[in-house]
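Chemist: my questions are about this predicted structure, shown below with the sequence.
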Amino acid sequence: MQTLKSLIDTHERITVFTGAGISTESGIPDFRSPGGVWTKYQPIAFEDFMASEEMRRESWRRKMGLDKVLQKSKPNRGHHAIVELVRRGKVFSIITQNIDNLHEDSGVDAEQIIELPGNSTYASCLDCKKRFELAPIFEAFGQDETLPVCDACDGIVKTATISFGQSMPEHEMDRAQEATLQCDLFLAIGSSLVVYPAADFPVMAQQNGAKLVILNREATPLDSYAALVVNDEIGPALGEAVGVE
């Protein structure tokens, strides 16, 4: 813990990279761990979503269920520790694999958050990109499972998040690469670091001369690249290192 604190204190351009593990302490289940979401439900591939109305209905059923969990969740000590590092001017960018919006809820400016899987707080047309708010979609779907259709071009409307088999957002990937190459310390928090291309960023930072720190409950495939690996509960460990209760 002292080494973690020292690394944070002695570096001035920190890029934070977060995965689902930082949010489990807020009551949000992760995906890959035993008992996680994917042990109960197989993820719906983008190809299946596009090909099948039933798969689209199942996707919206899951989305409504997930939103009930997200609405109850609050930022935890780990999120607050990151906010403190932003406040101190040490962290300028947060690359996240999460769709729970807890970084923004904790007080980080949205412009500093790079959401690799997209944003779960709204939907958009896959053809013309028109934005749709979720409340009217949920209301209509809750009555008779009516699938949302774009009122501008009749395109398929989907939550603004990336599904398996769907292309990663180029703009966000470019922003993440820039943040990775500009940092002197890359702090990977709560990620299994097995999902590519996102898992390329920690290695990219290390090979560019930045120190890599991995804070995760379990070992990751990238531990050998790290200057420091901390396997511990994220909120307490990061909170202690930063000095946030």
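Modeler: Thanks, I have it.
Chemist: could you pull out the strands for the protein?
Modeler: 14-18, 91-96, 113-115, 118-125, 131-133, 157-161, 185-189, 211-215, 228-230 (DSSP state E).
Chemist: among those strands, which comes closest to P43?
Modeler: Nearest to P43 among the strands of the chain is strand 157-161; the distance by Cβ to Cβ comes to 11.5 Å. To be clear about C-beta, it is placed using only N, CA and C from the backbone, and glycine gets the same treatment.
Chemist: in contact with the residue nearest to F92 when sequence neighbours are not counted, which residues?
Modeler: Nearest non-adjacent residue to F92, counting by Cβ to Cβ, 6 or more residues apart in numbering: Q112, 6.4 Å away. Q112 sits next to 86, 91-94 when contact means Cβ atoms under 8 Å, 6 or more residues apart in numbering.
Chemist: what's the helix ranked longest in the chain in contact with?
Modeler: Looking across the chain with DSSP state H, the single longest helix is helix 53-72. With Cβ under 8 Å, 6+ apart as the test, helix 53-72 has contacts from 27-29, 41, 44, 48-49, 100-101, 120, 134, 137-138, 141-142, 145, 147-148, 156, 158-159, 163.
Chemist: drop anything exposed from those.
Modeler: Buried subset of the contacts of helix 53-72 (neighbour count, 16 or more other Cβ atoms under 10 Å): 28-29, 44, 48-49, 100-101, 120, 134, 137, 141, 148, 156, 158-159, 163.
Chemist: what residue ranges in the chain score low on pLDDT?
Modeler: By pLDDT under 70, the low-scoring segments of the chain are 31-41.
Chemist: recalculate using a threshold of 90.
Modeler: Where the chain drops to pLDDT under 90, the residues are 1, 27-43, 65-73, 99-100, 118-121, 164-169, 195, 245.
Chemist: how much space separates the spatially most distant residue from the centre of it from F138?
Modeler: The centre of the chain is farthest from one residue, D144, which by Cα atoms, centre = their mean lies 31.2 Å away. Separation of D144 from F138 (Cβ to Cβ, to the nearest Å): 13 Å.
Chemist: check Q182 too.
Modeler: Distance from Q182 to F138, by Cβ to Cβ: 39 Å.
Chemist: got a quick ChimeraX command for the buried subset of the contacts of Q112?
Modeler: Selection of buried members from the contacts of Q112 for ChimeraX, criterion 16+ other Cβ under 10 Å:
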select :86,91,92,93,94
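Chemist: quick check: beta-bridge partners of A188?
Modeler: Beta bridges link A188 to F17, I214, judged by DSSP bridges.
Chemist: care to break this structure down by domain?
Modeler: For the chain, automatic domain parsing gives the domain ranges 1-28+75-117+168-245, 31-72+120-161.
Chemist: off-centre distance for the first one?
Modeler: In other words, domain 1-28+75-117+168-245. Put simply, domain 1-28+75-117+168-245 sits 10 Å off its chain's centre (Cα atoms, centre = their mean, to the nearest Å).
Chemist: returning to that earlier point: mind checking how far the residue farthest from the centre of the chain is from R57?
Modeler: 11 Å.
Chemist: what about the nearest residue to G165 once chain neighbours are set aside, distance to M55?
Modeler: Leaving aside its sequence neighbours, G165 sits nearest to F46 (Cβ to Cβ, 6+ apart; 4.0 Å). Per Cβ to Cβ, F46 is found 10 Å from M55.
Chemist: how about T146?
Modeler: 16 Å.
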